[in-house]
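Undergrad: what follows is a protein structure lacking sequence information:
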């Protein structure tokens, strides 16, 4: 039975007909800093632990909130097409802006050495100065956007912007955009600190609905 | 009493059923400029409710020519004076397509400063000139981390250049950021709307 108010159908056939908002939260993973709760990585795989990462949404937005490694290492993004092997190669470009707290460095840069060429490991931060500041108040926040990861015709694009406290210490605005060279559907992604260091923080996955 | 449609519970116990997907970008407040003030201030509803707050600025037009759009943050008390370290980058072009450029102007960033941060270049004052963009701020609650933010703004400046400005940085404090204030470097906000959203979930 439909729910109709003043001539407008509010709900019918087990679903609301009115728009309840298009940016849908899918899943959050949180690891609190300190106390031995750091984790090796944060991984989102479609069909696992309530994760949706398929053709349900054309765009997925990933929010990183105060993400930090155990001793300040850089972070990488990997994706998978089979749910277990994060080995899809891709190419990206990395640039940014940095400003040290002692005002000794203030510049824009193209991050040679942090970009990728047919490589599965894509640096998303830091793109400069050895990594993050190794301090309790350090970390990084920002977002990654995946465009149509379930498409089976085109390669897969993403863009990211993440601000971090870099080693100086200082502020670094990290920009990354890249392509994973596969026409297969990407079914998941993983974010981890390099050199097998653990991490903490919060990562939240959203789907952006198109209807 | 629940509301069940086609076997699916949509409403129950005074709320949407938890299985109903809803959008997580929530409009919290809107402030519309009326040429009465040089500041637009969001002094409440910034807390632990959301992990991210976004400020969407549209048609920002000042009462005087050559005025910057500025931002600052409140980390205690009533003053908007959080210590910040920031970066500032801009790219620009003019309608004649003969002066395209990009640069990092070091005079527009901040280093451990309580001063206001520019998020635009000087805004032109012709009737149709203005600035617009989005400021993101993450996890402003008091915790062990500094509070990061970044913004992107497009502005038509007083020389008719279209200028893209990218600002980012952090409030170098672990205290809660409880307010955000936009201001004009000169004159008032003659026109413009700023909307504050919370990103939930």
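TA: Perfect, I can see it now. Model, not experiment: these values are computed from the prediction.
Undergrad: pick out the residue of chain A closest to chain B.
TA: residue A:21 (1.4 Å; Cβ to the nearest Cβ). No exception for glycine: its C-beta is placed from N, CA and C like everyone else's.
Undergrad: please name the nearest non-neighbouring residue to that residue.
TA: residue B:23 (1.4 Å; Cβ to Cβ, 6 or more residues apart in numbering or on different chains).
Undergrad: that neighbour pairs with what?
TA: residue A:24 (DSSP bridges).
Undergrad: ok, it - contacts?
TA: Contact analysis of residue B:23 by Cβ atoms under 8 Å, 6 or more residues apart in numbering or on different chains lists A:19, A:20, A:21, A:22, A:23, A:24.
Undergrad: Throw together a PyMOL command that grabs the buried residues out of those residues.
TA: Of these, the buried ones can be selected in PyMOL as follows, counting by 16 or more other Cβ atoms under 10 Å in any protein chain shown:
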select buried, chain A and resi 22+23+24
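Undergrad: of all the contacts of residue B:23, which comes closest to residue A:36?
TA: Set against residue A:36, the nearest of the contacts of residue B:23 by Cβ to Cβ is residue A:24 (32.9 Å).
Undergrad: one step back: correct me if wrong: the residue of chain A closest to chain B contacts residue B:27.
TA: No. Using Cβ atoms under 8 Å, residue A:21 is not in contact with residue B:27, being 10.1 Å away.
Undergrad: where do the helices sit along chain B?
TA: Remark: no helices are assigned in chain B by DSSP state H.
Undergrad: can you name the residue of it nearest to chain A?
TA: Here chain B gets closest to chain A at one residue, residue B:23, 1.4 Å apart by Cβ to the nearest Cβ.
Undergrad: show me what contacts residue A:117?
TA: Residues counted as contacts of residue A:117 (Cβ under 8 Å, 6+ apart) are residue A:91.
Undergrad: quick one: strands adjacent to the helix or strand containing it?
TA: Taking DSSP states H and E as the definition, residue A:117 sits inside strand A:116-119. If you go by DSSP bridges, strand A:116-119 pairs up with strand A:90-100 (antiparallel).
Undergrad: if I look at the closest residue to residue A:169 other than its chain neighbours, how far off is residue B:113?
TA: Distances taken as Cβ to Cβ, 6+ apart place residue A:133 nearest to residue A:169, at 4.3 Å, with adjacent residues excluded. When distance is defined by Cβ to Cβ, to the nearest Å, residue A:133 is 19 Å away from residue B:113.
Undergrad: what of residue A:68?
TA: 24 Å.
Undergrad: more neighbours: which of these two?
TA: Set side by side, residue A:68 and residue B:113 show more neighbours around residue A:68, with 29 against 16, by other Cβ atoms under 10 Å in any protein chain shown.
Undergrad: run a quick neighbour tally on the residue nearest to the more buried one when sequence neighbours are not counted.
TA: Nearest residue to residue A:68, sequence neighbours excluded (Cβ to Cβ, 6+ apart): residue A:139, at 4.0 Å. When neighbours are defined as other Cβ under 10 Å, residue A:139 has 30 of them.
Undergrad: just checking, residue A:139 touches residue A:72?
TA: No. Using Cβ under 8 Å, residue A:139 makes no contact with residue A:72, being 9.9 Å away.
Undergrad: for the two, list the residues in contact with both.
TA: residue A:132.
Undergrad: re earlier: now do the phi/psi pair for the residue nearest to residue A:68.
TA: Phi and psi for residue A:139, reported as degrees, to the nearest 10, are phi 160, psi -170.
Undergrad: where does pLDDT dip in chain A?
TA: A:35 (pLDDT under 70).
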